[in-house]
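Q: Predicted model follows, preceded by the sequence.
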Amino acid sequence: MKQRKLIIVGASGFADIAQEYFEADSPYSVVGFAVESAFLTGDTKNGLPLVPFESMTEHFSPADHDVFVAVTYTQLNRLRARLTQQAKANGYRLASYISTRAFVWPNARIGEHCFIFEDNTVQPFVSIGNDVILWSGNHIGHHSSLGDHCFISSHVVISGFCHIGENSFLGVNSTLANNLTIGKDNWIGPGIVLTQNTEDGALYGAAMPSPSRVSSLRFFKVKA
């Protein structure tokens, strides 16, 4: 039986996904959505009320509703951080979701307003800050820590004793060796392998491989 009512802030694909996960695998019942008035394009979403974020308290009492901000890494996670802090200042309790299909060691510490998808492995002595998103299939090695407002996309490997600075983004299939410190506000692109510490504000873009001179059609002897 659902025990809490939930408002999702956001109207993107992540908002749709968050609604699915909270409804199917949590004590929450999603009862409405909110977006900033500048981005409001209607008054319903998925059959539920869609209200301006600025007047959300007039529609959903903070005493009876929790909030999850379903915003990805826009503005290097700053937008999600700002909306989360404003919702909390307005008196809402912040919701978290941890998939029942994730492996989280009992002594791992997880902050408020986190979303942990299925197939994540969170090993012993890990510390995860507030407002952190772990998309599906990551490995968070023992004794590692993630700062507030980080976004870890899919199939990232964070080895043991690593420390990730706040607001950082790690792309799909990126890998960190043991004992690394990643500065705050880092952008680590897809497939990047790091073996040294990084400075604050560093950006590591993924290199695009050059295509072979032989086309795929010619290689497989397919007639166009």
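A: Right, received. Where do you want to start?

Q: Please name the residues that touch the most centrally placed residue in the chain.
A: By C-alpha atoms, centre = their mean, the mean C-alpha position of the chain lies nearest to residue 133, the distance being 2.4 Å. Counting by C-beta atoms under 8 Å, 6 or more residues apart in numbering, residue 133 makes contact with 72-73, 114-115, 150-152. In this view, the C-beta of every residue, glycine as well, is placed from N, C-alpha and C.

Q: Is it possible to get CSV of these that adds distance to residue 160 and secondary structure?
A: Below are those laid out as CSV (distance: C-beta to C-beta, whole Å; DSSP: H, G, I helix; E, B strand; the rest coil):
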residue, distance to residue 160, secondary structure
72, 27, coil
73, 25, coil
114, 21, coil
115, 24, strand
150, 17, coil
151, 21, strand
152, 16, strand
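
Q: Including neighbour count, pLDDT and distance to residue 46, could those go into a markdown table?
A: As requested, those are exported to a markdown table (neighbours: other C-beta atoms under 10 Å; pLDDT from 0 to 100; distance: C-beta to C-beta, whole Å):
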| residue | neighbour count | pLDDT | distance to residue 46 |
| --- | --- | --- | --- |
| 72 | 16 | 97 | 18 |
| 73 | 20 | 96 | 23 |
| 114 | 22 | 98 | 23 |
| 115 | 23 | 98 | 18 |
| 150 | 26 | 98 | 28 |
| 151 | 23 | 98 | 24 |
| 152 | 26 | 98 | 27 |
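
Q: Which of those residues sits closest to residue 223?
A: For the contacts of residue 133, the closest approach to residue 223 (C-beta to C-beta) belongs to residue 72, at 42.9 Å.

Q: would you list every one of the helices in the chain?
A: 13-25, 56-59, 78-89, 216-219 (DSSP state H).

Q: of all these, which lies closest to residue 127?
A: When the helices of the chain are compared (using C-beta to C-beta), the closest one is helix 78-89, at 18.3 Å.

Q: Per-residue confidence, residue 223, what does it come out as?
A: On the pLDDT scale, residue 223 is placed at 87.

Q: ugh, wrong one, I meant residue 207
A: 78.

Q: Next: the one 4 residues further on.
A: At residue 211 the predicted local distance difference test score is 91.

Q: Please tell me I have it right and residue 116 contacts residue 135.
A: No - counting by C-beta atoms under 8 Å, residue 116 stays clear of residue 135, with 9.0 Å between them.

Q: who's more crowded, those two?
A: residue 116 (25 against 22; other C-beta atoms under 10 Å).

Q: gap between the more buried one and residue 19?
A: Residue 116 sits 17 Å away from residue 19, going by C-beta to C-beta, to the nearest Å.
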